Every structure is written in structure tokens, then in C-alpha cells.
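just the structure for this:
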Amino acid sequence: MIKRIWHGWTTPENADTYCKVLLSEVIPGIEDKAIPGYLGIEVLRRDLEREVEFITIMSFRTLEDIIAFQGPDYARCYVPDVAQKVLKRWDQTSQHYDLKETRSYA
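This next block holds a predicted model:
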């Protein structure tokens with residue numbers, strides 16, 4: 001499994017708006033593409049002193065599945081215009097990691 005990790009930051013005033021856009025428009029738009037090998041997404045939020053950080057962690061079966069989603073320049077970020085309007089800044093590229101193990105103690 002490959003984890004695709006991306007960071008974006010917004011102002012505290014825009015944080016709830018961005019979260020709503022992400023959850024109600026951006027993620028459903030990705031899921032509507034029915035990307036082969038796409039397994040899901042996690043959204044993390046961290047309130048900082050002057051901004052709010054969001055991290056998305058997308059899961060794919062293989063790197064080839066990510067390339068099918070993003071094309072040959074697969075590391076470039078995917079930030080739709082609707083999200084760009086409320087973000088302050090964001091990573092221009094995503095990082096990709098091989099998942100080696102998952103343990104759960106819950």
C-alpha cells in the first residue's frame with residue numbers, strides 16, 4: 001500500500017470553511033472519479049497559533065494507481081480552485097510512502 005501525504009494551511013477564520021469544502025466537495029469529487037486502487041483518505045487538522053494545518057493521507061494499492069490519478073508528474077498536488085480560495089498556502093507536491101506495517105491496539 002502507498003500513502004500519499006499532503007499539507008495545507010489556512011487562517012483560523014477560514015479553517016471551518018476549508019474543512020467543509022474538503023469534506024463535502026473535494027473528497028467526494030475524488031471519489032466520484034472511481035480511481036482504480038484508491039482505498040480511502042484520512043483528514044487531520046491541527047490548530048496552531050496563527051494558522052490551521054490540514055493533512056490528507058490518501059491510500060492507494062500501488063504507485064501505478066497514483067500515476068493513473070495524477071499522471072506522470074504524480075507528486076504534484078491536487079488542489080481544486082474551490083479549495084485554493086480558502087487556503088493560505090499548501091504543499092506543491094505530495095510525499096509518497098510504502099506502508100510496511102499497521103498495528104492496532106483498540
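
secondary structure class for the most centrally placed residue in the chain?
When CA atoms, centre = their mean is applied to the chain, the residue found nearest the centroid is residue 56 (3.2 Å). Residue 56 falls in the strand class when you classify it by DSSP: H, G, I helix; E, B strand; the rest coil.

quick check: bridge partners of it?
Applying DSSP bridges to residue 56 gives these bridge partners: residue 6, residue 43.

contacting residues for it?
Applying CB atoms under 8 Å, 6 or more residues apart in numbering to residue 56 gives the contacts 4-6, 8, 22, 41-44. All C-beta spots, glycine's among them, are computed from the backbone N, C-alpha and C.

quick one: which of those residues is nearest residue 31?
Each of the contacts of residue 56 was checked against residue 31 using CB to CB; the closest is residue 41, at 8.3 Å.

after the helix or strand that contains residue 8, next one along is what?
Here residue 8 is covered by strand 2-10, with elements defined by DSSP states H and E. The C-terminal neighbour of strand 2-10 among helices and strands, as given by DSSP H and E, is helix 15-21.

count of residues packed around the closest residue to residue 58 other than its chain neighbours?
If you skip the residues right next to it in sequence, residue 58 has residue 4 as its closest partner in space, 4.2 Å away by CB to CB, 6 or more residues apart in numbering. Burial of residue 4, expressed as a neighbour count using other CB atoms under 10 Å, amounts to 24.

appreciated, that's everything.
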